[in-house]
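S.K.: Sequence first, then the predicted structure:
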Amino acid sequence: MFTTSNRFLRDRATKALVSLLTGRLDAATRLVERFSDVDDPYVTERIYAVAYGVAMRSHDAIGVEKMASLVYERVFANGDPPVHILLRDYARGVIERAIYLKSDQDVDENLIRPPYKSTWPQIPDEEEIQPLMSDSNGDPDNRDWGKRNIVSSVMGFGDFARYVIGTNTHSTNWLSLRLDEDPWRSIEAQEKALRRKLSDSERLAWEKYENADIELKISPRFEFVWVKGKQAEDQNTLLKKKNTYNRSRDRGIYQVGIPHSPWKSWTT
């Protein structure tokens, strides 16, 4: 049941196995030994969760030490624990429980506690994923259909991409950043930080630029104008219409040129 995509069923199965193995440390240790190298993070995560739960329910220092030694060997001994934050936490919990019970185990405590030195996984970019987004006929039995749906669940608008990886507003993109890298900052945050470093004269120049930019955006731009169904043919006509617009703007009257229609006016 640990392989199911139903998280609530996985939770119930995990709790049930903890209840079954409470007081049976030897059986729990054999469980870790048998399944710790399964190539499915859903399984290994819950195996170590069970081991942690059983260890926390036990006061048998010798039994917990035996299980903790196995967990240390499988997860932390080589200094490169799996890149799975929950698995690491559960595995560490087993060893920390043994330490708390004053068990006599030979472990390097620096290896079981963060920061870890795991190899950062290779995360493909969108160009590498694009070939997997091949068209399919919509048949669930088609392998291409399955590939496309997996990619869409991460890169598209599936619930996993919206609610687990990112946000439901589609306003942000998720990034792969290491904890030892500089924290990500938005363009707006970078601009605010830059402005705080500006001198008075530089800040004044910045404000003038912004005001000019705003003025440019609200000023009319005539690429072609139709007046009473006829296209204006000389630049003087364009300038005349533009100047009329600028003079009337102060009075609250805006004239807008609409292709293929006469000039229209309205007051604001």
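M.R.: Sure, I can see it.

S.K.: Packing partners of the helix or strand harbouring residue 27?
M.R.: According to DSSP states H and E, residue 27 maps onto helix 25-35. Other elements packing on helix 25-35 under the criterion 3 or more CB pairs under 8 Å, 6 or more residues apart in numbering; DSSP states H and E are helix 7-21, helix 41-56, helix 61-71. In this view, the C-beta of every residue, glycine as well, is placed from N, C-alpha and C.

S.K.: okay if I get the ones you listed as a markdown table plus distance to residue 203?
M.R.: Compiled in a markdown table, the helices and strands packed on helix 25-35 are given as follows (distance: least, CB to CB, whole Å):
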| stretch | distance to residue 203 |
| --- | --- |
| helix 7-21 | 52 |
| helix 41-56 | 51 |
| helix 61-71 | 58 |
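
S.K.: Mind naming the longest helix for this structure?
M.R.: Longest helix in the chain, counting residues (DSSP state H): helix 200-218.

S.K.: Quickly note the distance from residue 96 to residue 68.
M.R.: 9 Å (CB to CB, to the nearest Å).

S.K.: So between those two, which is more surrounded?
M.R.: Between residue 96 and residue 68, counted using other CB atoms under 10 Å, the more crowded position is residue 68 (28 against 18).

S.K.: Can you tell me the closest non-neighbouring residue to the more buried one?
M.R.: Distance criterion CB to CB, 6 or more residues apart in numbering; nearest residue to residue 68, sequence neighbours excluded, is residue 98 at 3.6 Å.

S.K.: So residue 31 is in contact with residue 49, correct?
M.R.: No. Under the contact definition of CB atoms under 8 Å, residue 31 does not touch residue 49, with a separation of 11.5 Å.

S.K.: Residue 99 contacts residue 109, correct?
M.R.: Yes. Under the criterion of CB under 8 Å, residue 99 makes contact with residue 109 at 7.3 Å.

S.K.: which of those two has more neighbours?
M.R.: residue 99 (15 against 11).

S.K.: dump the residue contacts of the more buried one.
M.R.: 105, 107, 109 (CB atoms under 8 Å, 6 or more residues apart in numbering).

S.K.: okay, the last one: pLDDT?
M.R.: What the model reports for residue 109 is a pLDDT of 90.

S.K.: What distance do you get for it to residue 72?
M.R.: In this view, residue 109 and residue 72 are 10 Å apart by CB to CB.

S.K.: just the helices in the stretch 101-250 of the chain please.
M.R.: Secondary structure of the stretch 101-250 of the chain by DSSP state H, counting those that start in this stretch: the helices cover 109-112, 126-129, 143-155, 159, 187-196, 200-218, 235-249.

S.K.: which stretch among these comes nearest residue 92?
M.R.: helix 109-112 (5.0 Å; CB to CB).

S.K.: For the closest one, name the packing helices and strands.
M.R.: Judged by 3+ CB pairs under 8 Å, 6+ apart, helix 109-112 is in contact with helix 85-100.

S.K.: and the angle for the helix it packs on with helix 25-35?
M.R.: 150 degrees (axes from the mean of the first three to the mean of the last three CA atoms, to 10 degrees).

S.K.: where in the stretch 1-150 of the chain is pLDDT low?
M.R.: 133-142 (pLDDT under 70).

S.K.: can you rerun that using 80?
M.R.: Scanning the stretch 1-150 of the chain for pLDDT under 80 picks out 120-121, 123, 125-126, 129-149.

S.K.: what about residue 158, neighbour count?
M.R.: So residue 158, with other CB under 10 Å, has 16 neighbours.

S.K.: Which residue comes closest to it once chain neighbours are left out?
M.R.: residue 152 (5.4 Å).

S.K.: what's the spacing between the spatially closest residue to residue 185 that is not a sequence neighbour and residue 204?
M.R.: What sits nearest to residue 185 in space, not counting adjacent residues and going by CB to CB, 6+ apart, is residue 193, at 7.5 Å. To residue 204, residue 193 is 19 Å away according to CB to CB.
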